[in-house]
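Trainee: Just a sequence and a predicted model for now, questions to come.
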Amino acid sequence: MLSDETDHITSCIVSKPRIARQRWSLLAQIISNGDRRKDICKNVISIRRFESFGLFRVDVISEEEECKWWEYKTDLINNFTLIVRQLCGCLRADKLQGFNNTGNVCIWPAEEIMSYYCLLNAAYFRNKSVIEIGGGMTCLAGFSIAVGTEAEQVQITDGNEDSVKNLEIMRKRNKENYGQTQVESSLFRWGSDKLEGNLQENFDVVLCSDCLFFEEGRKDLIKSMYNLLKPQGEVIVFAPRRGETFNNFMQLAQEKFHTEIKTNYNATIWKLHSKFKEDSLYDENIHYPILLKMKKKYT
């Protein structure tokens, strides 16, 4: 059963054409304005405004000084319960520098939808090895697969060291719910020409959500996806269009991959999307993710 709660709206209104520019300048502001972090934190919600498609039932189960623990539930999988740890406040500027960490600020809609989509297709992951890259502080999709499917192995990763620390805490907290699935968390930054032996062509499925927006990192991201993937494996990407960002990434990817795009990939999500389009606070260009599936080309 879907939650009736479909979005969270603040009283601060930002003109729609400016939302994308403001959203992706967020990290630049944090890095260059260390003394104004509190003001920037308050502005995060007003820039995002739309936070969730309401695809999971979510409740706070405990609060600590530095974090909140959330319980995610869904009727898609019997007895599905995932415990998510989200840090309170903002990340410090010095913790964000050196790697693109927009996904570490919060859970974006693309990650929520990718998680839901994976659980809808739980049988697809049976006996497969899966890695999520660039999953931020929570790797919601990767953990959802670990808890809700019969995957053989799930590797939870991000390129930020503090994110990986949080992922490891979550991994241990949820360990009773993995069944026979092996779950590991690790630091992974895309771009290496050759991966470590246990990563090179080791995965049936590579997951990635909303990591396409930095132009300088796209070629390295594609290279890493290709290197991680087994010869007959599949990359699953969920990302909004963001102007030409999605198309630019796909054009680069087509040098190494066969690609398939789906805009309407689930009736429930499409219905919610159509409903939200009537609201001026919803911008499908940055809020509605497209599904991109990719398989290796061979010469």
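Mentor: Sure, I can see it. Numbering: from 1, shown residues only.
Trainee: Mind jotting down where the strands sit in the stretch 1-150 of the chain?
Mentor: Shown for the stretch 1-150 of the chain, the strands assigned by DSSP state E, counting those that start in this stretch span residues 57-63, 67-74, 80-87, 129-132.
Trainee: Please identify which of the ones you listed is closest to residue 141.
Mentor: Of all these, it is strand 129-132 that lies closest to residue 141, at 5.6 Å by C-beta to C-beta. For every residue, glycine as well, the C-beta is placed using N, CA and C.
Trainee: Listing partners with orientation, what would you give for the closest one?
Mentor: strand 153-158 (parallel), strand 203-209 (parallel) (DSSP bridges).
Trainee: Could you dump those into a markdown table with mean pLDDT and distance to residue 182 added?
Mentor: Listed next are the strands paired with strand 129-132 as a markdown table, based on pLDDT from 0 to 100; distance: least, C-beta to C-beta, whole Å:
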| stretch | mean pLDDT | distance to residue 182 |
| --- | --- | --- |
| strand 153-158 | 97 | 5 |
| strand 203-209 | 97 | 13 |
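Trainee: With mean neighbour count as added columns, please give the strands of the stretch 1-150 of the chain in JSON lines.
Mentor: Below are the strands of the stretch 1-150 of the chain laid out as JSON lines (neighbours: other C-beta atoms under 10 Å):
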{"stretch": "strand 57-63", "mean neighbour count": "12"}
{"stretch": "strand 67-74", "mean neighbour count": "17"}
{"stretch": "strand 80-87", "mean neighbour count": "18"}
{"stretch": "strand 129-132", "mean neighbour count": "26"}
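Trainee: Make JSON lines out of those strands and add distance to residue 271 and mean pLDDT.
Mentor: Output for those, formatted as JSON lines (distance: least, C-beta to C-beta, whole Å; pLDDT from 0 to 100):
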{"stretch": "strand 57-63", "distance to residue 271": "18", "mean pLDDT": "96"}
{"stretch": "strand 67-74", "distance to residue 271": "17", "mean pLDDT": "96"}
{"stretch": "strand 80-87", "distance to residue 271": "22", "mean pLDDT": "95"}
{"stretch": "strand 129-132", "distance to residue 271": "26", "mean pLDDT": "98"}
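Trainee: how about those, which one is nearest residue 216?
Mentor: Comparing those by their distance to residue 216 (C-beta to C-beta), the top pick is strand 129-132, with 21.8 Å.
Trainee: chain center to the closest one, what's the gap?
Mentor: Distance of strand 129-132 from the chain centroid (C-alpha atoms, centre = their mean, to the nearest Å) equals 13 Å.
Trainee: And for stretch 217-231?
Mentor: Distance of stretch 217-231 from its chain centroid, counting by C-alpha atoms, centre = their mean, is 17 Å.
Trainee: on that earlier part again, for the strands of the stretch 1-150 of the chain, give me TSV that also has distance to residue 250.
Mentor: Converted to TSV, the strands of the stretch 1-150 of the chain look like this (distance: least, C-beta to C-beta, whole Å):
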stretch	distance to residue 250
strand 57-63	32
strand 67-74	30
strand 80-87	30
strand 129-132	20
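Trainee: out of the ones you listed, nearest to residue 120?
Mentor: Distance to residue 120, taken as C-beta to C-beta, is lowest for strand 67-74 among the strands of the stretch 1-150 of the chain, at 9.7 Å.
Trainee: still on that earlier bit, want to try a markdown table for the strands paired with strand 129-132, with mean neighbour count and distance to residue 253 as columns?
Mentor: Formatted as a markdown table, these follow (neighbours: other C-beta atoms under 10 Å; distance: least, C-beta to C-beta, whole Å):
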| stretch | mean neighbour count | distance to residue 253 |
| --- | --- | --- |
| strand 153-158 | 26 | 19 |
| strand 203-209 | 25 | 11 |
